[in-house]
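Q: missing the sequence, but the structure's below:
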């Protein structure tokens with residue numbers, strides 16, 4: 001492949017990504033200005049993509065949109081993508097930084113619960129036994145609250161109404177007002193923090209992970225309360241939130 005053809009492929013792929021991320025149909029002028037390409041180059045790339053149905057003409061004259069071939073390819077890829085596989089490098093990166101266990105929890109809408117589906121462990125001698133691949137509470141623990149904070153109020157009420165006592169401390173579920181205040185704090189900070197809720201003696205720090213249609217799960221670091229300096233919790237929370245944002249982008253929540 002020549003340097004010229006390589007450049008054409010690269011620009012065509014970037015153009016496809018731009019159209020996919022656009023809110024609605026695009027025009028040559030719109031693409032030209034946003035991508036810094038000459039209008040003639042945009043026309044040529046659009047014609048190349050239209051020839052194989054990756055792009056189609058829009059509903060209005062002079063507009064373009066994603067074509068049926070792109071949808072077909074995207075659907076096949078989505079059906080093969082494992083969120084846990086995409087999450088694993090994020091977990092490993094956080095473990096490298098903090099040498100603590102990090103898990104990816106997936107939201108289970110039908111069960112109104114979550115499940116840990118991927119995990120990475122550090123070199124610490126003391127780690128926690130964590131139940132993998134089974135439904136767990138959304139009310140107890142940072143991993144659950146990071147998800148619950150982004151669910152509709154009626155679902156939050158349903159989840160709370162069916163909740164049992166804390167598996168770690170035996171405490172009763174919080175009152176609705178108290179829970180809503182906790183969830184508001186999660187949304188304000190961008191991450192959740194919990195102590196002695198899911199696991200006795202443990203602190204969890206978790207951030208939400210989103211997909212193309214909304215909340216998908218959470219990334220959570222778990223450690224004994226005394227092993228991490230409490231003053232470091234905000235910085236760790238922000239770091240986890242950054243990794244969660246990156247994962248969310250890979251899962252289609254945000255434009256690349």
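A: It's in. Here the structure is a predicted model, which is why all the values come from computation and not from measurement.

Q: make it CA atoms for all contacts and neighbour counts henceforth
A: OK.

Q: Return the distance of residue 148 relative to residue 33.
A: From residue 148 across to residue 33, the span is 40 Å (CA to CA, to the nearest Å).

Q: Name the residues that touch stretch 10-26?
A: Residues from elsewhere that reach stretch 10-26 (CA atoms under 8 Å, 6 or more residues apart in numbering): 31, 45-46, 49, 54-55, 58, 63-66, 255-256.

Q: nearest to residue 170, of the residues you listed?
A: residue 255 (42.6 Å; CA to CA).

Q: Could I get the full set of strands for this protein?
A: 26-27, 55-57, 63-66, 101-108, 113-120, 192-195, 202-211, 214-224 (DSSP state E).

Q: Can you spell out which helices and strands pack onto the longest one?
A: In terms of contacts (3 or more CA pairs under 8 Å, 6 or more residues apart in numbering; DSSP states H and E), strand 214-224 is packed against strand 101-108, helix 142-148, strand 202-211, helix 233-250.

Q: Residue 179: which of the ones you listed is closest?
A: Among those, helix 142-148 comes nearest to residue 179, with 9.2 Å by CA to CA.

Q: Show residues contacting the closest one.
A: The contact list for helix 142-148, computed with CA under 8 Å, 6+ apart, reads 105, 107, 113-114, 137-139, 156, 183, 186, 191-194, 204-209, 215-220.

Q: what's the answer for stretch 212-229, then?
A: Counting by CA under 8 Å, 6+ apart, 91, 100-107, 114, 127-128, 142-144, 146-147, 150-151, 195, 201-210, 240, 244, 251-254 sit against stretch 212-229.

Q: looking at the strands of the chain, which is closest to residue 232?
A: strand 202-211 (11.1 Å).

Q: Residues in contact with the closest one: which ones?
A: Here strand 202-211 has contacts from 141-143, 146-147, 190-196, 215-225, 233, 236-237, 240-241, 244-245, 247-249, 251-253, using CA under 8 Å, 6+ apart.
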